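Undergrad: okay, predicted coordinates and the sequence, questions at the end:
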Amino acid sequence: MSTFTLEIVTPERKVYAEDVNMVIVKGAEGELGILANHVPMVTPLRISSITIKKDRADQILAVSGGFVEVRKDKVVILAESAELPESIDEARAQAAKKRAEQRLAGNADEYDFRRAELALQRAMNRLTVKQRG
């Protein structure tokens, strides 16, 4: 099976850089499966997991938004944050989830409600990736 280079970069560091067979991401319009020689494109990413397929093995990462750029022989994911399952602190993610749920249950204005909603999505994504990884 053909391969291409996948790079996952956050503002702090390069999280991943290897040749892979396929990457599955959730873009603004839905889920995308990207193989070698995919048509070039750029799309925003949702808060979700990324599945990397390499040599018949799957690896999963949690990302908190950003963009994916597909080039002829390379895919670059510019993420606000990206975490491998082993680097996710489950207790911290549970605490973030609980705080977000409490803010959502409270009487918050629209801005605070949206921030709490995004915080809950990030926490749930991290917990899902931790459990699957």
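TA: Nice, thanks for sending it over.
Undergrad: just the pLDDT for the residue of the chain most remote from its centre.
TA: Ranking residues of the chain by C-alpha distance from their mean position (CA atoms, centre = their mean) puts Asn107 at the top, at 29.8 Å. The model reports Asn107 with a pLDDT of 72.
Undergrad: can you name the residues bridging to Leu78?
TA: Listed beta-bridge partners, Leu78: Val9, Phe67 (assigned using DSSP bridges).
Undergrad: in contact with it, which residues?
TA: Val9, Thr10, Gly66, Phe67, Val68, Glu69 (CB atoms under 8 Å, 6 or more residues apart in numbering). Just so you know, the C-beta spots here come from the backbone N, C-alpha and C atoms, and that holds for glycine as well.
Undergrad: tell me the one of these nearest Ala91?
TA: Nearest to Ala91 out of these is Thr10 (CB to CB; 22.0 Å).
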